[in-house]
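> Structure, please.
(chains A, B and C)
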Amino acid sequence: MLKTEDAYHQRIIQKGRCPECNKSEFVTDRNTGELVCFNCGLVLKDVMLNQRAEWRAYTHDEVKAKARTGPPTSYSHYDKGLSTTFQTTRGYDGQRLSTKTQLKMTRLRKWDYRAKIHSSIDRNLSQAMAELERLADKLHIPKSIKDEAALIYRKALDEGLVRGRSISSIVAASIYAACRITETPRKIKEIVEASAKSRKEITRCYRLIIRKLNLKMPIMNPEMYISKIASKVGLDQKTELKAMEIIRKAKRVKAIAGKEPAGIAAAALYIASHDNTKKITQKNLADAAKVTEVTVRNRYKKLIKDLKLNLK
DNA sequence: AAGACGAAAGTGGTTGA
DNA sequence: TCAACAACTTTCGTCTT
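You can find the predicted model right below:
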């Protein structure tokens, strides 16, 4: 009987044992607020909080009308998604407004808009978030990192770091900082290419942000780049793992300190791919890692020397 | 002919006086 | 602020497969 009821209202949990039948599967019934043994039906608890809405709705329109919450707030909207909007053509009841009222509402909306972004900080933020949106989109950056970058930008703005510097370079620096903090393998080069600002300007802003906001950056690990590069040149999991192993060994003999992590990763993949049937050229790997083939070459030469490996 | 190699000169960033 | 320096890039001629 329990098993056939609407699964949405129930959730099977496993915690403790039923004193009646000694089985450990329980079901929460969100309609009645009871915790019930899945096996024998014994009610163990009947005062659970019901987390569902207290109202009922039968159509989609009703759901929309009765719901009191909207989408979650987000740092990558300049007002976190919380702001008043004006409907100028229809009233609260859906009836068309008179022409006179419509004009009035349009005026009100205009003034509301002006008041909303009247402070320079708000105006700056709304511009910056638009730029962030554009850049993040271009770089295919996931939402979590975008939000992290937005948070960094807000802090930078609070500290007054944006004044006298361009919004877009601070935004680019915030994105790079967010990537570094979340250990996402993005090179500064990629961000520079997507941004209109020069590398010099972006890196200067990046260093400033780190210094003023006291950010501690995790050191970029070559392993982070392995899968990114491997998928780009079409290497399989086995080769990836082999490259990881090479890097782990290299770390032990301290052969990779202070080197470009992407170059190390590409070199490790180059060595690993040579053990396989599928060989990748230095050029391809270099392109995928966004370094030159000379760097790949030097790195892999040093790796096989330090690790006493030999290529097949 | 493509890929690998290595030398040499150049670039941009870091460090320490 | 500047020179020294390490890492990396660019370029190019040569060698290997």
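
> Counting neighbours, what do you get for the nearest residue to A:N221 once chain neighbours are set aside?
Among residues not flanking A:N221 along the chain, A:P261 sits closest, at 6.4 Å (C-beta to C-beta, 6 or more residues apart in numbering). No exception for glycine: its C-beta is placed from N, CA and C like everyone else's. Neighbourhood size, A:P261 [other C-beta atoms under 10 Å]: 20.

> same deal with the one 5 residues further on?
Other residues lying near A:A266 total 32 when counted by other C-beta under 10 Å.

> got the phi/psi numbers for it?
Torsion angles at A:A266 (phi, psi; degrees, to the nearest 10) stand at phi -60, psi -40.

> How much space separates the residue nearest to it when sequence neighbours are not counted from A:K249?
In space, A:A266 comes closest to A:A289 once its chain neighbours are excluded; the distance is 3.8 Å by C-beta to C-beta, 6+ apart. With distances taken as C-beta to C-beta, to the nearest Å, A:A289 is found 20 Å from A:K249.

> what about those two, which has more around it?
Comparing A:A289 with A:K249 by neighbour count (other C-beta under 10 Å), the higher total belongs to A:A289, at 31 against 16.

> Is it correct that the more buried one is in contact with A:Y270?
No - shown here, A:A289 and A:Y270 do not form a contact pair, counting by C-beta atoms under 8 Å, at 9.9 Å.

> Spell out which residues are contacts of both of the two.
Common contact partners of A:A289 and A:Y270 (C-beta atoms under 8 Å, 6 or more residues apart in numbering): A:V296.

> how about the nearest residue to whichever residue of the stretch 51-200 of chain A sits closest to DNA strand C, chain neighbours excluded?
Residue nearest to DNA strand C within the stretch 51-200 of chain A: A:K189 (8.3 Å; C-beta to the nearest atom of the strand). Ranked by C-beta to C-beta, 6+ apart and with sequence neighbours excluded, the top spatial neighbour of A:K189 is A:K290, at 5.5 Å.

> Cool, thanks, talk later.
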